[in-house]
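**Q** what's the 3D shape of this:
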Amino acid sequence: MKILHLDTNHPLLLNQLQELGFENHEDYTSTKSEIEAKINEYDGIIIRSRFTIDKQFLDKATNLKFIGRVGAGLENIDCEYAENKGVRLISAPEGNRNAVGEHTLGMLLSLFNKLNKADKEVREGKWLREENRGIELDGKTVGIIGYGNMGKAFAKKLRGFDVEVICYDIKPDVGDENAQQVSLEELQKRVDVLSLHTPQTELTMKMVNSDFINGFLKPFWLLNTARGKSVVTKDLVEALQSGKVLGAGLDVLEYEKKSFENLFSDQEMPEAFKYLINAENVLLSPHVAGWTIESKEKLAQTIVDKIREKFC
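**A** Have a look, this model is predicted:
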């Protein structure tokens, strides 16, 4: 079987697939149309997020048996059309779930203890102790929306704290020893901290809007290490300004699929984003929650293992 690799990944992916008898071809620079012109030659492709795998692409991939997505989400692939054509979809949420769990916890603890603000002030010669008094995680209720690989990993990291962890998911019976599954209404009544671990779907796009936020009984902290388009930034900023949201840790932004650097020209930057980058109770990172040295290897190994299981 011939596999076309469209993004660079950990070298073990190429090496182990070759050892299993697959023929690897690499093309990291051709345009999508150039790839489409030759994709009929391949039995499999390995991709991260280089471009969208749509109906046109799949129609040209007449011999395609699988798509390996080195990551968790499949929103850049027309999954239904691919499956109807008999193409197996292989993703690797197991590969970076631990990284996401650790990053989410790190964001939460940093927000609670004002670490970004305090670090910046000390470097500027300011020694402000009372202004940087933190709050403790123990005794809080943490709510997780989306209790799959990522949500479960975050809940596991919380086991060392004296917290109550509850979760909401559209699938039934996903709760475990680390989190009690509840209705969305129950979650909105109880949480002090809300963490999103949902895929990008029609249900989750713009899920966190003003109506959703105002449905919570108490002011709460928001963490999003899932997908940026799940949160309406303008509505989040209004909630931060009103105190309904106490602070936010955002590894993903609704703007990130645009040229992020262009946002920093006066003409391009949305007012809501201006607020976020200047807010002391907001922590931002560039979609790296699952992006560790270890997860790069784990993601590649997960893809190899799944290909081996299905095709060897």
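
**Q** not counting sequence-adjacent ones, nearest residue to Gly249?
**A** Met107 (3.3 Å; C-beta to C-beta, 6 or more residues apart in numbering). To be clear about C-beta, it is placed using only N, CA and C from the backbone, and glycine gets the same treatment.

**Q** so the one you found touches Val288, yeah?
**A** No. Judged on C-beta atoms under 8 Å, Met107 makes no contact with Val288 at a distance of 11.1 Å.

**Q** now the common contact residues for the two.
**A** Between them, Met107 and Val288 share these contacting residues under C-beta atoms under 8 Å, 6 or more residues apart in numbering: Asp251.

**Q** about what we covered before: how many neighbours does the residue nearest to Gly249 have?
**A** In terms of burial, Met107 registers 24 neighbours under the definition other C-beta atoms under 10 Å.

**Q** all the strands of the stretch 1-150 of the chain, residue numbers only.
**A** Along the stretch 1-150 of the chain, the segments classed as strands by DSSP state E, counting those that start in this stretch run 2-5, 23-26, 44-47, 66-69, 88-90, 141-145.

**Q** now render those strands as a markdown table, adding distance to Asp119 and mean neighbour count.
**A** As requested, these are arranged in a markdown table below (distance: least, C-beta to C-beta, whole Å; neighbours: other C-beta atoms under 10 Å):
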| stretch | distance to Asp119 | mean neighbour count |
| --- | --- | --- |
| strand 2-5 | 40 | 20 |
| strand 23-26 | 41 | 13 |
| strand 44-47 | 38 | 24 |
| strand 66-69 | 36 | 24 |
| strand 88-90 | 41 | 17 |
| strand 141-145 | 25 | 24 |
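
**Q** mean pLDDT and distance to Glu254 added to those strands, as CSV?
**A** What follows is these, written out as CSV (pLDDT from 0 to 100; distance: least, C-beta to C-beta, whole Å):
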stretch, mean pLDDT, distance to Glu254
strand 2-5, 97, 30
strand 23-26, 97, 33
strand 44-47, 96, 23
strand 66-69, 96, 22
strand 88-90, 96, 25
strand 141-145, 98, 17
